[in-house]
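Peer 1: below are the sequence and a predicted model for it; my questions follow.
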Amino acid sequence: MNNDYWKQFYKNKHTLRPSSFAKFVRKFIHLKGLSVVDLGCGNGRDSYYLGKDWRVVGIDNAVQPMNIGEKISFIQMDIDKYIFNVPIIHDLVYARFLIHSIDDQLLENILKFGASLIAVEYRSYKDDKSQWVYKDHERKLRTNQGLINLLWENGYELVYFIEAKGLAKYKKEDPLVVRIIAKKI
């Protein structure tokens, strides 16, 4: 991932309103006292929102938002380094718009991390292909079945799946996205 691109992106994008995915996850997973790791947390907008109910650690290599109290903290670090070097177990791995930005090995490492729940939202490989070519950063085409198979191979079962437009609207953009929630079996 291009850190300079993301540093500039978050410098210019200051919204702290939670994504529709964060709102969905908080309603869908109505458990109390969860420990959440928000991988690729960016400016922390979803971490702050999820931190209303749960303990959240946001991880991002490009930026480090401000910690708030004891329930919400941020670490500026490579996700791989966090997974392999920080002996913290989280109940939920939350990753919005990260899965289509990472390589296969990092995805496998995330799934082996051992969380009991995983919640991801990513751009569908069926989306408009012009949305996949950027000069400053790249996106990985992932098939839904490929990710579902990886989840299964790593001991997860699908709890929720949807592929639709209207889930992640931003200004004039309305990408085709996938939402998955899976739990360890």
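Peer 2: Happy to help now that I have it.
Peer 1: any idea what the most centrally placed residue in the chain is bridged to?
Peer 2: The C-alpha lying nearest the average C-alpha coordinate of the chain belongs to A95 (Cα atoms, centre = their mean; 1.1 Å). For A95, the beta-bridge partners are V120 (DSSP bridges).
Peer 1: thought it was touching I110?
Peer 2: Yes - using Cβ atoms under 8 Å, A95 is in contact with I110, at 7.2 Å. Bear in mind the C-beta positions are built from the backbone N, C-alpha and C, glycine included.
Peer 1: what's the distance between L92 and D103?
Peer 2: Using Cβ to Cβ, to the nearest Å, L92 is found at 23 Å from D103.
Peer 1: more neighbours: these two, which one.
Peer 2: L92 (22 against 12; other Cβ atoms under 10 Å).
Peer 1: contact partners for the more buried one?
Peer 2: I29, L34, S35, V36, V37, W54, A115, S116, L117, I118, A119 (Cβ atoms under 8 Å, 6 or more residues apart in numbering).
Peer 1: change it to 6 Å
Peer 2: L34, V36, A115, L117 (Cβ atoms under 6 Å, 6 or more residues apart in numbering).
Peer 1: what is the lowest-pLDDT residue among those residues?
Peer 2: Among those, A115 carries the weakest pLDDT, at 88.
Peer 1: name the SS class of that one, please.
Peer 2: coil (DSSP: H, G, I helix; E, B strand; the rest coil).
Peer 1: from what I see, it and Y94 are in contact.
Peer 2: No - between A115 and Y94 there is no contact under Cβ atoms under 6 Å: 9.2 Å.
Peer 1: so which of those two has more stuff around it?
Peer 2: More crowded of A115 and Y94, by other Cβ under 10 Å: Y94, with 30 against 22.
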